[in-house]
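1. model this:
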Amino acid sequence: MQSSRKWLIAVVIIVTIIACYILFGHGDQKPTTIFEPIVSHDGKQIVYGVDSDKGTVFMSFDLGARKCRQIYKTSESAGSAVFTSDDKRILFSVVEGSKKLFDFGKSQLYIMSADGGNAHRLITSDFSDDCPTIASNGQDVLFIRSGRKVTHSAGVDRWTDDDIYRTDFNGINAIPMTHRKYNDLAGLAIEADNRTLIYCDDRLVGNQRDQIYDLDMQTGVERRLTNGYRYSNEPVISRKSSKIAFISDQHDPFDYEVWCMGLDGKGARQVTQLNRNCSSPIFSPDGKSIVFNVEDGEIWRVNIDGTWPEQLPIFNRDCSSPSFLPDGKSIVFVVDDRELWRVNIDGTGLAKLPIT
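-> Numbering: from 1, shown residues only. Predicted structure coming up:
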């Protein structure tokens, strides 16, 4: 009797999940959201994604002409994009099969011209390829390849056994940079130079997860840069200041602040003292300041030495995904997941961009 009751409860749960998926996972139930605007290196173009139940659309906003147009559309979910160094092409990922129940889908890398033409797969593989970024030589692509699909006890499929790979803009000869089958490489792999990779991995070391590492690509020697830290994630680098900015709760558990250290991991110091959760740090083009998200939908800036912390901009709306314009004088960001705004780094010139 008890086993029959458990079986009945399991059936009810599964039917409820399927019903919710049918009712809320299709049609126009999901609101349209804007995500992660990127700015071309010449400062002329902003590309951003628009996500809905119908799929993802990439839009391009011309900052000079102040006009917006669609450059790519897919019925699947797409990830954030990145410009090549010459601004002629855009790399992005498409999660194929992401609309299936209990399946995260398989991510594949795509490339297209900056105007949306000639969009095609960069690589066709049996694995999940994601998080493309441009190598320091401007000619190659770094990405994370997940080599094994697993099914959790809840019946949800996901990909694991991550490694960092390198290929060219033709997608030929994808070469592994690591051979460690990481459980979860968190975020992008970054080249500090043409020899050193910096990345975050969530492997369990003692009682600590989410630590930042570097890898000498010539010798294959890996080094942990954040020894003794409780949690360290979201590393970004500035070649101008030779610094790594990252998020850590080293001084107070679950108080995630912005930290900064040298490319060798030395000289680490806490940059913010907000006692609020920070995330998604980015360096200014000159490497002298950091802009980041703060809980409750705020955007802040701070100098890398911790001086001049300031909320930017100040208004009671949900702000996220800041991105610098190349001159470093202003940023663009998303408001309420629906609008794009621009503001000068000194807080002046707050304006909504006419993207609709």
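
2. ok, S93 - contacts?
-> A78, G79, S107, Q108, L109, Y110, D129, D130, C131, P132 (Cβ atoms under 8 Å, 6 or more residues apart in numbering). All C-beta atoms are positioned from the backbone trio N, CA, C, and that covers glycine.

3. let's go with 6 Å and repeat that
-> G79, S107, L109, D130 (Cβ atoms under 6 Å, 6 or more residues apart in numbering).

4. pLDDT score for it?
-> In the prediction, the pLDDT value recorded for S93 is 95.

5. circling back: lowest pLDDT pick from the contacts of S93?
-> When it comes to pLDDT, G79 is the least confident member of those, at 89.

6. What residues does it make contact with?
-> Contact analysis of G79 by Cβ under 6 Å, 6+ apart lists S93.

7. how about it, phi and psi?
-> Main-chain torsions, G79, degrees, to the nearest 10: phi -100, psi -180.

8. Could you do F169 as well?
-> For F169, the backbone dihedrals (degrees, to the nearest 10) come out as phi -70, psi 0.

9. swap in the one 4 residues further on?
-> Geometry field for N173 lists phi and psi as phi 60, psi 70, criterion degrees, to the nearest 10.

10. What is the burial count for it?
-> The burial count assigned to N173 is 8, neighbours taken as other Cβ atoms under 10 Å.

11. Likewise for the one 4 residues further on?
-> One way to gauge burial is a neighbour count; for M177, by other Cβ under 10 Å, it gives 17.

12. So it is in contact with I164, correct?
-> Yes - between M177 and I164 a contact is recorded at 4.4 Å, counting by Cβ atoms under 6 Å.

13. domains of this structure?
-> Using automatic domain parsing, the domain parsing of the chain gives 1-29, 186-311.

14. now the ones you listed as JSON lines including mean neighbour count, mean pLDDT and distance to A114?
-> Written out in JSON lines, the entries for these read as follows (neighbours: other Cβ atoms under 10 Å; pLDDT from 0 to 100; distance: least, Cβ to Cβ, whole Å):
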{"stretch": "domain 1-29", "mean neighbour count": "10", "mean pLDDT": "46", "distance to A114": "30"}
{"stretch": "domain 186-311", "mean neighbour count": "18", "mean pLDDT": "90", "distance to A114": "20"}
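
15. Same list (those domains) but as a markdown table, adding distance to S323.
-> Formatted as a markdown table, the entries for the domains of the chain read as follows, by distance: least, Cβ to Cβ, whole Å:
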| stretch | distance to S323 |
| --- | --- |
| domain 1-29 | 29 |
| domain 186-311 | 7 |
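
16. could you pull out the helices for this structure?
-> Assigned by DSSP state H, the chain shows helices spanning 2-24.

17. Which stretches in the stretch 1-150 of the chain count as strands?
-> If you assign secondary structure with DSSP state E, counting those that start in this stretch, the strands in the stretch 1-150 of the chain sit at 33-39, 45-52, 55-62, 67-74, 77-78, 82-83, 89-96, 106-113, 120-121, 128-134, 140-151.

18. The third one pairs with which strands?
-> In its sheet, strand 55-62 lies beside strand 45-52 (antiparallel), strand 67-74 (antiparallel), with partners assigned from DSSP bridges.

19. and the last one, which residues are buried?
-> Spelled out, it's strand 67-74. Using 16 or more other Cβ atoms under 10 Å as the burial criterion, the residues of strand 67-74 that qualify are C68, I71, Y72, T74.

20. tell me the contacts of S321?
-> Under the criterion of Cβ under 6 Å, 6+ apart, the neighbours of S321 are E36, F333, V334.

21. for I299, same thing?
-> Under the criterion of Cβ under 6 Å, 6+ apart, the contact partners of I299 comprise L312, C319, P322, F333.

22. repeat for E36
-> The contact partners of E36, by Cβ under 6 Å, 6+ apart, come to S80, S321.

23. ditto for R145
-> With contacts taken as Cβ under 6 Å, 6+ apart, R145 has the following neighbours: F127, D129, D163, Y165.

24. Now for those residues: which two are most distant?
-> Checked with Cβ to Cβ, those reach their widest spread between D129 and D163, with 10.7 Å between them.

25. and the two? which has more neighbours close in?
-> Neighbours were counted for D129 and for D163 using other Cβ under 10 Å; D129 has more, 26 against 19.

26. Could you give the bridge partners of that one?
-> With beta bridges defined as DSSP bridges, D129 has these partners: R145.

27. If anything else comes up later, I'll come back, but that's it for now.
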